[in-house]
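> need a structure here:
(2 chains)
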2 protein chains.
Amino acid sequence: MEAVGIVGLGLIGGSMALDLRRRGFARKVLGVETDPVNATAALKMGLCDEVVALEECVRRSGLVVVAIPADATVRTLPRILDLMAECGTAPGDADGKIVIDTCSIKAQVVRSVHYHPLRGRFVATHPMAGTEYSGPWAAMPGLFDGRACIFADSEESDPSALRKVEELYGVLNMRPIYMNSDAHDVHTAYVSHISHVTSFALALTVLDKERDEKHIFDLASGGFSSTVRLAKSSADMWVPILTRNRENVLHVMDTYIARMNEFREAIDRSDGKKIEELIKEANRIKKILR
Amino acid sequence: MEAVGIVGLGLIGGSMALDLRRRGFARKVLGVETDPVNATAALKMGLCDEVVALEECVRRSGLVVVAIPADATVRTLPRILDLMAECGTAPGDADGKIVIDTCSIKAQVVRSVHYHPLRGRFVATHPMAGTEYSGPWAAMPGLFDGRACIFADSEESDPSALRKVEELYGVLNMRPIYMNSDAHDVHTAYVSHISHVTSFALALTVLDKERDEKHIFDLASGGFSSTVRLAKSSADMWVPILTRNRENVLHVMDTYIARMNEFREAIDRSDGKKIEELIKEANRIKKILR
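Next comes the predicted model:
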């Protein structure tokens, strides 16, 4: 492909830019980045060839990747489809331009363009890879290798657009999984969103204590660091996810808080048998996690 | 030292055996292991030179390391001091035998031998290193390098015994921190015990869901794996810790559950400003974690 446009040169967009170019999927990467410091850094680091305005990016790119927070995605996606129409892409046009998003929530994103005449040229995806860091500095080659990528409501995309995007994720060595956007949002609430909330809460708990006890972090072990790692994640990304996936997240949090209270009561009663039962049940995670 | 005895050839005992011998602190390691499968495995893997009974281990070793769960430690420690007395070690005897424990709780361990005539020959320590795995198979060289080791109530140990144990942890490249056993138990509740409970609860939450949805783990990302990693930890080790450090653990859990509820309410109200505030506060963990 001659040129791929990447809107948002952060962890996801920047890492994608690196691999799509070095693996030959894109000859040129055109970046869109509203933060001037990030834009300069992305150019300096060679994440993209040029930083351009959104209009120019859509005009010059055959495929546009939207890699910005959920709120901004929902605002920007219809605008990109409008621009594509202005550039001459027509509904069902198998050679027309394509746009994909990369959000951690899918139902609201898909809904934002459901009735757009160019809906078929949009492919909703969620490449499930990342770290707790953000910005162009966080970009890294190989980030997506071997991980799962969800295609949501793919039957609403044109087959030609879908094939091209499957090819893109093939180049990134991702394993495709197909599901509808509502199922996606339930599943990610369980395997991603709740982990972030529990990490944030853990950080807050320990930071509260740290106000009085300056030396508490001398003792922080590897176990603590790994459990609290996600608490470094950015508010820009997570506020929209948690509010837009509100119902699913609340449901999982309620189950989680109930399980915490079950543990609390068992410890309060010094009920070793019940604690043992809970831990052994939790240990089943061993057989399931890779 | 001619011979070091290690009671319990699991992750901690086995890893200590490896490094103490290959780094020249111990010429010989005598293991005590009640589980016959673990004993055979430990011998085969070369973690120790011989597996012997507790009595023989104490008789032949200048220093005994107790590396078994908290309940068993509290039961076994007075017995080891008795055996040391039978072997001729007298109170204040600077050349006498020494015993150390390695538990994640300290107050009850220290209390179990507080009035023992040989209390001075015991040094209470907590080497803060480990993984979520257990058994001799989990032992690894270098496990302790660069980590912190807590010496609890060290003023109750004979200076000669303390110096020898400081030398031992120096060989393991551990950074010594001195505090009283009550402070230790508060701190570890914050930086270790709560992380385990939150991981267990997270595993239980997701496993509940997995009963209906077989494919949920296809989606588990790196973030989830790291947050739930500690849920693989063994009940044998954790039931005694959670029940014996009950009050501190309950206190931390209450703070944690309150923080979770604060998050829950903010999400329920779709209060983006409050969620952002909580996440940014949690982000302060970045500056503190190494």
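> List phi and psi for the most centrally placed residue in chain A.
In chain A, the centroid-proximal residue (Cα atoms, centre = their mean) is A:Ser104; its distance is 4.1 Å. Main-chain torsions, A:Ser104, degrees, to the nearest 10: phi -80, psi 0.
> cool, A:Asp82 as well?
phi -60, psi -50.
> Find the nearest non-adjacent residue to the residue nearest to the centre of chain A, please.
A:Ile241 (5.3 Å; Cβ to Cβ, 6 or more residues apart in numbering or on different chains). Where C-beta positions appear, they are placed from N, C-alpha and C, glycine not excepted.
> how near is A:Ala41 to chain B?
19 Å (Cβ to the nearest Cβ, to the nearest Å).
> Which helix or which strand is home to that residue?
helix A:36-44 (DSSP states H and E).
> who touches the residue nearest to A:Ser104 in this structure?
A:70, A:103-105, A:193 (Cβ atoms under 8 Å, 6 or more residues apart in numbering or on different chains).
> repeat for A:Ile279
B:200, B:233-235, B:238-239 are the contacts of A:Ile279 under Cβ under 8 Å, 6+ apart.
> from these, which are also near chain A?
B:200, B:233-235, B:238-239 (Cβ under 8 Å from any Cβ of the partner chain).
> Looking at chain A, which helix is longest?
Ranked by residue count under DSSP state H, the longest helix found in chain A is helix A:246-268.
> Mean confidence (pLDDT) on that helix, please.
For helix A:246-268, the mean per-residue pLDDT is 96.
> tell me what it is packed against?
helix A:194-210, helix A:272-283, helix B:194-210, helix B:246-268 (3 or more Cβ pairs under 8 Å, 6 or more residues apart in numbering or on different chains; DSSP states H and E).
> How about residues contacting that helix?
A:185-186, A:189-190, A:193-194, A:197-198, A:242, A:271, A:274-275, A:278, B:197-198, B:200-202, B:204-205, B:208-209, B:242-243, B:246, B:249-250, B:253-254, B:256-257, B:260-261, B:263-264, B:267-268, B:270.
> Now the buried members of those.
A:185-186, A:189-190, A:193-194, A:197-198, A:242, A:274-275, A:278, B:197-198, B:200-202, B:204-205, B:208-209, B:242-243, B:246, B:249, B:253, B:256-257, B:260, B:263-264, B:267 (16 or more other Cβ atoms under 10 Å in any protein chain shown).
> Can you give me the neighbour number for A:Glu55?
14 (other Cβ atoms under 10 Å in any protein chain shown).
> For it, which non-adjacent residue is closest in space?
A:Leu83 (6.0 Å).
> Which pLDDT value belongs to A:Leu219?
Looking at A:Leu219, the pLDDT reads 70.
> What of the one 5 residues further on?
According to the model's per-residue confidence, A:Phe224 sits at a pLDDT of 86.
> same question, A:Ile6
98.
> Would you map the strands across the stretch 101-250 of chain A?
With DSSP state E, counting those that start in this stretch, the ranges of strands along the stretch 101-250 of chain A come out as A:122-127, A:148-152, A:175-179.
> How about the residues of the stretch 1-150 of chain A by chain B?
Residues of the stretch 1-150 of chain A lying near chain B (Cβ under 8 Å from any Cβ): A:128-132, A:147-148, A:150.
> From these, pick the one nearest chain B.
Using Cβ to the nearest Cβ, A:Met128 comes nearest to chain B of the residues of the stretch 1-150 of chain A next to chain B, at 4.8 Å.
> count of neighbours near A:Ala258?
Applying other Cβ under 10 Å, I find that A:Ala258 has 14 neighbouring residues.
> ok, of the ones next to chain A among the contacts of A:Ile279, which come out buried?
B:200, B:233-235, B:238-239.
> So A:Pro127 versus B:Ser221, what's the distance?
10 Å (Cβ to Cβ, to the nearest Å).
> Mind listing the shared neighbours of the two?
A:Arg147.
> and the angle for the strand or helix carrying A:Arg75 with strand A:122-127?
Following DSSP H and E, one finds A:Arg75 within helix A:70-86. Here the directions of helix A:70-86 and strand A:122-127 differ by 150 degrees (axes from the mean of the first three to the mean of the last three Cα atoms, to 10 degrees).
> Tell me what angle helix A:70-86 forms with helix B:272-283.
110 degrees.
> Report all helices and strands that helix A:70-86 contacts.
By 3+ Cβ pairs under 8 Å, 6+ apart, helix A:70-86 packs against helix A:54-60, strand A:63-66, strand A:98-101, helix A:107-111, helix A:235-244.
> Remind me what the second one packs against, helices and strands.
Looking back up the chat, that one is strand A:63-66. Looks like strand A:63-66 contacts strand A:3-7, helix A:70-86, strand A:98-101, helix A:159-171 (3+ Cβ pairs under 8 Å, 6+ apart).
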